[in-house]
Structure formats: structure tokens, C-alpha cells
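Undergrad: Give me a 3D structure for the following:
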Amino acid sequence: MKDKIKIAVLVSGGGTNLQALIDAQKAGIINSGRISLVVSNNINAYALERAKNEDIPSAVLLKSECGGQDAFEDRLIGLLKDNGIELIVLAGFMSILSEKFTKAFEHRIINVHPSLIPSFCGKGFYGLRVHEAALSYGVKVTGATVHYVNEIPDGGEIIMQKAVKIKKDDTAEILQKRVMQEAEWKILPRATENVCKKLIKAKGIV
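TA: Here you go, the predicted model:
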């Protein structure tokens, strides 16, 4: 029986993408990895409740208590390594990670972004802002992208994308929900499984 890749999910808010990963793990869509840790930079994140409900170990790390970004990242790297984490999934994690961090886990950090990169991405494009920009620009199709994370916001190699049509009466809120349901919650688990398979192959585990 092959070993499963240990996954950490980093969250800041409600944790709907975390829930999609948990559900996918239960359904066998994620079979080559296991969610072993949930880390939040927000003590009030509902995602922590989702982790608790599934008996997944969790931790809270606050930048304000660490004394700055550098110390925060040092603590986070230590926490992940102490738990043997092999893959990091950013699921609504509202903190830009430095090159020091991304280099420490090169090709082992993935993120889901609510647009078809390279459209509506990069610094300042997060949450509803992405969907507001898509509607303002008048595009007819948007979607979501899962990509590797490097030091450039939304700049890493694309792993998977899924398109979502924009409807005439869409608001940013309506579009955000549909992109999550039709794209993010579908491709994030599949991309996670694909990356876990690659990591297992790289380790030479059969």
C-alpha cells in the first residue's frame, strides 16, 4: 500500500474550499494524499470548525503575535516541517508568501484563484474584487485556476482551469458563488490528487 502525501490546508475564512477538499477525500477523489493539518492566520476562521468537525489537527498562527512577516513565515515553516507536511494547499489564505517561503516548498504549494489566469489576477485581485473586475470589463467567460505558488502573486505554473459562463444578470456575489460551485470546488480536489500522485512518483513509492 503506497504512502499518502501529507497535506496542509492554509485558510483565513469560511473554508468552503477546505470543505470541498474534505468531501473529495471522503469520496475517494483525493486518494493519494490526506489532509493532515489545517493552519489559519485568523483565530475566528470558520474553517477551523470544519477541521474540528473532521478531527483534523489545526493550528492558528497570527502575524501580529510573531512580530512580522519574516518571523511568521519561520514559525509556519517550522510547524509544517514538524508535521511532515509534503503538500500545501492555499484555500482562501489571505497572506502573500515571500520567496523564502515558496522556495522552502518549491512545487509543493498550490492555490486556487477565481479567474482564468492571466486575466484578473496578481496583487490586489482577491475575493469579490476579481468578479467585480470581470463584470466591469464585460468578459463573457470567467472561471477558476489552480496553479503552483511562487514568489509572484498568481504567477506560478498553471495546473488546471475550468471556465464558467457569465450571465446577463450576474452580480459579483452571484458570480462568486457560481465560480466556486462550478469550478473551484471541482478542480481544486482534482488538481490536489494529481499533484499528490506526482509527489508519490518522485519519491519512488509504489
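Undergrad: can you pull up the bridge partners for the closest residue in space to residue 199 that isn't next to it in sequence?
TA: Leaving aside its chain neighbours, residue 199 sits nearest to residue 5 (5.1 Å; criterion: C-beta to C-beta, 6 or more residues apart in numbering). For the C-beta atoms, the positions are set from N, CA and C on the backbone; glycine is no exception. With DSSP bridges as the criterion, residue 5 is bridged to residue 33.
Undergrad: burial count for residue 5?
TA: 25 (other C-beta atoms under 10 Å).
Undergrad: what does the one 5 residues further on give?
TA: The tally of other residues near residue 10 (other C-beta under 10 Å) stands at 25.
Undergrad: repeat for residue 156
TA: Around residue 156 there are 20 residues (other C-beta under 10 Å).
Undergrad: One more: the one 5 residues further on?
TA: Look at residue 161: counted by other C-beta under 10 Å, it has 17 neighbours.
Undergrad: contact partners of the lowest-mean-pLDDT helix or strand in the chain?
TA: Least confident helix or strand, the chain: helix 63-66 with a mean of 86, by mean pLDDT, DSSP states H and E. Here helix 63-66 makes contact (C-beta atoms under 8 Å, 6 or more residues apart in numbering) with 41, 69, 72, 74, 75, 95.
Undergrad: Show me which residues of the longest helix anywhere in the chain are buried.
TA: Longest helix in the chain, counting residues (DSSP state H): helix 185-203. For helix 185-203, a neighbour-count test (16 or more other C-beta atoms under 10 Å) marks 185-196, 199-200 as buried.
Undergrad: contact partners of it?
TA: Residues from elsewhere that reach helix 185-203 (C-beta under 8 Å, 6+ apart): 2-5, 7, 16-17, 20-21, 23-25, 29-33, 86-87, 89, 91, 108, 110, 112, 144, 146, 159-162.
Undergrad: what's the average pLDDT for that helix?
TA: Helix 185-203 shows a mean pLDDT of 95.
Undergrad: can you give me the helices in this structure?
TA: With DSSP H, the ranges of helices along the chain come out as 16-26, 47-53, 63-66, 69-82, 99-104, 128-137, 172-179, 185-203.
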